[in-house]
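task: produce atomic coordinates for the following.
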Amino acid sequence: MKSYLYAAGILVQFFTVFPLHRTLPMEQAERRAVLHLLPLLGLIKGTIYAGAFWVLLEWSPFSTLSIAFLVWLLPIVLTGGLHLDGWMDWADAHFSFRDKEKRLAILKDPHMGAFGVLALIVLLASKFLFIYETVHAGSRHTSTIVLIPFFAQTLTGLLLQYAPSAKQEGLAAFFQKGRSGSLPAIYSIFFVMMMSVYALHLLFWIMAGVFFLYFIWVKATAAKEFGGITGDLLGASQEGAELLLWMIVWLSVFFGTG
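Next comes the predicted model:
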């Protein structure tokens, strides 16, 4: 149990802007617990985002545009834009169309290229559009918003568990040492729990299906283009997952799914 408490602190340190000002043990037990708790972190983040979405819509005097901006800004503020750097690095490397070694070198390069800038603009602008249209439709999709970071954070855990590592060092390789045979059972429990809540929501099943296909695509693409995953690729895949899931919610506004 102590390893899970430490793991919770590690998740706060690595994935949020809240400093704990404490050195935590990160042995294999803690790294294993970190992987186990990633869906829970996504669920907590999703609850915060959905709560802010509902409160702003139902209780604030702000305009639709203002509410959309605040909902769009909240994940950036909460995480410090942690994964945006990985998204830009992935874009620069992917669109270079070079070999694996050169792509990995581009990932490590601290300089920002044109493709990274364009990819960031597309990501943030698209997400704002999806959020704005969802806010404009009212609060009926509040509970669905919980699923977006839940699935996106779960994706990180599945990639750490099942995808090969592109490097022997780095953040991804470090946490992959926490792989365990119990992870599938724990993630299944999380999924069954969410399924019991959202079983009658068609949108849940659509998002779950897209999430599964996206996981397969990311795992295969990372192996083909980079030889496996890195910390940057984990961040990029999480940003991509959130964008894709927001797009599904946005489409459901117009097609009446939910």
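
in which helix or strand does the closest residue to residue 40 other than its chain neighbours reside?
Leaving aside its chain neighbours, residue 40 sits nearest to residue 190 (7.4 Å; criterion: Cβ to Cβ, 6 or more residues apart in numbering). For every residue, glycine as well, the C-beta is placed using N, CA and C. In this structure, residue 190 sits in helix 183-198 according to DSSP states H and E.

buried ones in that helix, by neighbour count?
In terms of neighbour count (16 or more other Cβ atoms under 10 Å), helix 183-198 has its buried residues at 183, 186, 187, 190, 194, 198.

what's the longest helix in this protein?
If you go by DSSP state H, the chain has its longest helix at helix 28-59.

tell me how far that one lies from the chain's centre.
10 Å (Cα atoms, centre = their mean, to the nearest Å).

I'd like to check the angle between it and helix 183-198, please.
20 degrees (axes from the mean of the first three to the mean of the last three Cα atoms, to 10 degrees).

could I get the buried residues of helix 183-198 as CSV with distance to residue 15 and pLDDT?
Below are the buried residues of helix 183-198 laid out as CSV (distance: Cβ to Cβ, whole Å; pLDDT from 0 to 100):
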residue, distance to residue 15, pLDDT
183, 18, 95
186, 18, 96
187, 18, 97
190, 17, 97
194, 20, 96
198, 24, 95
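
export those residues to TSV and tack on distance to residue 217?
Formatted as TSV, the buried residues of helix 183-198 follow (distance: Cβ to Cβ, whole Å):
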residue	distance to residue 217
183	21
186	24
187	19
190	22
194	22
198	23
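
where does the stretch 151-258 of the chain dip in pLDDT?
By pLDDT under 70, the low-scoring segments of the stretch 151-258 of the chain are 256-258.

which stretches in the chain count as helices?
Going by DSSP H, the chain shows helices at 2-15, 28-59, 64-79, 84-94, 100-108, 114-136, 142-145, 147-162, 171-176, 183-198, 202-226, 231-255.

what helices or strands is the shortest one leaning on?
Using 3 or more Cβ pairs under 8 Å, 6 or more residues apart in numbering; DSSP states H and E as the contact criterion, the neighbours of helix 142-145 among helices and strands are helix 28-59, helix 202-226, helix 231-255.
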